[in-house]
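>>> What follows is a protein structure lacking sequence information:
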């Protein structure tokens, strides 16, 4: 059995009811180690690359699935959808923030029970750059300077089933009030 064969077997085993994107590189490596006692990282990396290049595997981000297998459809419920409410619209006549822009925000983050887990008067990041949770990358998109928005971020767009100890428990819905203070246009 080749390394690629072991990877394909691993992905198919891990896929039962899993992510539509496939199995993560980390999960594949852990399974290969536990079930095949195989942990040669360079060989695994090469086999994954060859699998993608040959069309045997499909890669999305750091996840892989067997191309020939039917793709699992993601079912997203209303509870898993990002919700936003503009409390105050930003400066009229100014351009809305878009991916690649650097933004400075003021925010407060709370859990469902109202307890505050985080806040900042000035936090800067690149929108759409993966520097923050997906709920922020999606939820702040389209705001204007001076705008204030309430975001309800489902777990899957926040910290997921792992949470972020000690403040954010697993599978937590996050609530934010975000004020967009400044936009620096990306190049």
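Right, received. Where do you want to start? Just so it is clear, the model here is predicted, and its values are computed rather than measured. Numbering: from 1, shown residues only.
>>> Please count neighbours and contacts with C-alpha atoms only from this point.
Noted.
>>> Enumerate every residue touching the spatially most central residue of the chain.
The chain has residue 134 as the residue nearest its centroid, 4.8 Å off, counting by Cα atoms, centre = their mean. Counting by Cα atoms under 8 Å, 6 or more residues apart in numbering, residue 134 touches 157, 158.
>>> Residue 173 now?
Applying Cα under 8 Å, 6+ apart to residue 173 gives the contacts 111, 112, 152, 153, 154, 155, 158.
>>> So what touches the longest helix along the chain?
Of all the segments of type helix in the chain, defined by DSSP state H, the longest one is helix 41-54. Helix 41-54 has contacts (Cα under 8 Å, 6+ apart) with 3, 4, 7, 29, 57, 58, 59.
>>> my read: the last one touches residue 65, true?
Which is residue 59. Yes: using Cα atoms under 8 Å, residue 59 is in contact with residue 65, at 6.7 Å.
>>> quick one: residue 137 is in a strand?
No: counting by DSSP: H, G, I helix; E, B strand; the rest coil, residue 137 falls outside a strand, being helix.
>>> Next, count neighbours for it.
Neighbourhood size, residue 137 [other Cα atoms under 10 Å]: 19.
>>> Report the contact partners of it.
By Cα under 8 Å, 6+ apart, the contact list for residue 137 reads 127, 128, 129, 130.
>>> now, which of those residues sits nearest residue 107?
Nearest to residue 107 among the contacts of residue 137 is residue 127, at 15.0 Å by Cα to Cα.
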